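# got a sequence here, can you build the structure:
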Amino acid sequence: MKARCLDTRKSVGRVICHDITKIEKGAFKGALFKKGHIIREEDVEVLLDIGKSNIYIIELAGDELHEDEAGQRIADALCGPGVVLQGPAEGRVDLRAGHKGLLKVDSARTNRINAIKNVAVSTLHTNSPVDSGDMLAGCRVIPLVVKEMTVKRVEKICAGTPPVTVVPYQALKLGVVVTGREVAEGRIRDGFVPVLQEKASSFGLEAPEVLFAADEKELIAAAIKEMLGRGCTMVIVTGGMSVDPDDVTPGAIKKTGAKIVKYGAPVLPGAMFMLAYMGKVPIIGLPACAMYFKTTVLDLFLPRIMAGEEIRARDITMLGHGGLCRRCTACVFPNCSFGKGAN
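Okay, the predicted model is just below:
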């Protein structure tokens, strides 16, 4: 890279090597064009108007790239399904969600990319639920000009499956089994169903099928099986999840013959969470905290299940780091630390 002086009228397509300022008394003072700007046809008259009949421009060597081109190529390499690009602007390209879904980031590969000199990639946490248009990541190179080999190293790391994707949610059919004799007999009003209806709606699901069952293993297990018979592709069983003798929901889930992934999660609120699978259908044992707190363990796993991911025991145990909800006065989840640990 070298700089030389050129007639402004012959500078279209060239790169400015320093900020060009404009001072207009009482109206404007600042950089009219920033270092690295690529001069356009319409810029020529503007430059001449501020007295720039000659301008210092950058000449790139054959193996060099301007920051805009480098940033664009890096973003293209990072960008997977469900992701759209915005930019470049002063070398930076943003990655945004093309649709609602679950953000997946291959952090091992983005770490390798950030270890490359003069490259910066910044992302949200993987497994973040996102809406269409949300910012997911930003990338750029640090200097104004980089060697093309730098970008090729990034492209090689990203080859195959791009490291940043947004997985769309599936149209699951939700079944809810509400446990508790007092609820089944109509002695008290259930508080779980309205909460779960709201969560289902936020994912675009239809209102869930609902059954009530008294606190007996056989009755709860039969209700779960009935939900499966109705074609439900996810079943949530509410309440009765503690270790008290009369809390029989975990035993009822086991009685169905479902494969238990894990009972107990290092997440607060939500420690008495249970996850099992009947074939590919997830069966969730949901503790009472989900009725009282806006954000719980359910909010960490529901987006992943909705995206078609099969949750393993390791996925649950890894949530201990970051699994403590701050219980903020105004909940801003998922834009907070909850559930953003080692995953």
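
# on the three-state scheme, residue 113 is what?
Of the three states, residue 113 takes helix under DSSP: H, G, I helix; E, B strand; the rest coil.

# OK, contacts around it?
74, 119, 121, 154, 157-158, 163 (CB atoms under 8 Å, 6 or more residues apart in numbering). Heads up, the C-betas are built off the backbone N, CA and C, glycines and all.

# switch the cut-off to 10 Å
By CB atoms under 10 Å, 6 or more residues apart in numbering, residue 113 lies in contact with 74, 77-78, 106, 119-121, 139, 153-155, 157-158, 163.

# what about those residues, which are in helices?
74, 77-78, 153-155, 157-158 (DSSP state H).

# just flag the most distant two among the residues you listed.
The largest distance within the ones in helices among the contacts of residue 113, taken as CB to CB, falls between 78 and 153 and amounts to 13.3 Å.

# against residue 53, how distant is residue 208?
As for residue 208, its distance to residue 53 is 72 Å (criterion: CB to CB, to the nearest Å).

# I meant residue 15, not that one.
According to CB to CB, residue 15 and residue 53 sit 18 Å apart.

# the more surrounded of these two?
residue 15 (22 against 9; other CB atoms under 10 Å).

# any idea how far the more buried one is from residue 227?
Using CB to CB, residue 15 is found at 63 Å from residue 227.

# try residue 44
Separation of residue 44 from residue 227 (CB to CB): 70 Å.

# who are the packing partners of the helix or strand hosting residue 262?
Secondary structure from DSSP states H and E places residue 262 in strand 259-263. Applying 3 or more CB pairs under 10 Å, 6 or more residues apart in numbering; DSSP states H and E, one finds that strand 259-263 makes contact with helix 249-255, strand 274-278, strand 281-286, helix 313-317.

# tell me what the last one is packed against?
Read it as helix 313-317. Packing partners of helix 313-317 (3+ CB pairs under 10 Å, 6+ apart): strand 259-263, strand 274-278, helix 297-306.

# and residue 68, which of those is closest to it?
Shortest distance between residue 68 and those, using CB to CB, is found for helix 297-306: 34.4 Å.

# okay, angle between the closest one and strand 274-278 too, please.
Following axes from the mean of the first three to the mean of the last three CA atoms, to 10 degrees, one obtains 30 degrees for the angle between helix 297-306 and strand 274-278.

# convert the C-alpha atoms of helix 297-306 to PDB, please.
Provided in PDB are the C-alpha atoms of helix 297-306 (Å, rounded to 0.1, in the frame of the first residue of the first chain):
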ATOM      1  CA  VAL A 297     -35.500 -22.800  33.000                       C
ATOM      2  CA  LEU A 298     -38.300 -23.300  30.500                       C
ATOM      3  CA  ASP A 299     -37.300 -20.200  28.600                       C
ATOM      4  CA  LEU A 300     -33.800 -21.600  28.200                       C
ATOM      5  CA  PHE A 301     -34.800 -24.900  26.600                       C
ATOM      6  CA  LEU A 302     -38.100 -24.100  24.900                       C
ATOM      7  CA  PRO A 303     -36.400 -22.200  22.000                       C
ATOM      8  CA  ARG A 304     -34.000 -25.000  21.400                       C
ATOM      9  CA  ILE A 305     -36.700 -27.600  21.400                       C
ATOM     10  CA  MET A 306     -38.800 -25.400  19.100                       C
END
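
# angle of that helix against strand 281-286?
Using the same axes, to 10 degrees, helix 297-306 lies at 170 degrees relative to strand 281-286.

# now, which of the contacts of residue 113 sits nearest residue 241?
residue 106 (34.1 Å).

# would you mind measuring from the closest one to residue 137?
12 Å.

# any common contacting residues for these two?
78, 123, 163-164.

# most neighbours among the residues you listed, which one?
That'd be residue 78 among these, by other CB under 10 Å, with 29 neighbours.

# please name the bridge partners of the closest residue to that one other than its chain neighbours.
Leaving aside its chain neighbours, residue 78 sits nearest to residue 164 (4.9 Å; criterion: CB to CB, 6 or more residues apart in numbering). Listed by DSSP bridges, the beta-bridge partners for residue 164 are residue 79, residue 105.

# next, the contact list for residue 164, please.
75, 77-83, 95, 103-106, 109-110, 121, 123-124, 126, 136-137, 139, 158.

# recalculate using a threshold of 6 Å.
Contacts here follow CB atoms under 6 Å, 6 or more residues apart in numbering; on that basis residue 164 touches 78, 80, 83, 95, 105, 137.

# equivalent analysis for residue 52, please.
residue 8.

# 8 Å instead, please
Residue 52 sits in contact with 8, 20, where contact means CB under 8 Å, 6+ apart.

# pLDDT wise, what is it at?
As predicted, residue 52 sits at a pLDDT of 83.

# thinking again about what came up before, got the helices and strands packed on strand 259-263 as CSV, with mean pLDDT, distance to residue 90 and mean neighbour count columns?
CSV is the format used below for those (pLDDT from 0 to 100; distance: least, CB to CB, whole Å; neighbours: other CB atoms under 10 Å):
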stretch, mean pLDDT, distance to residue 90, mean neighbour count
helix 249-255, 95, 55, 21
strand 274-278, 97, 46, 20
strand 281-286, 97, 45, 24
helix 313-317, 96, 39, 15
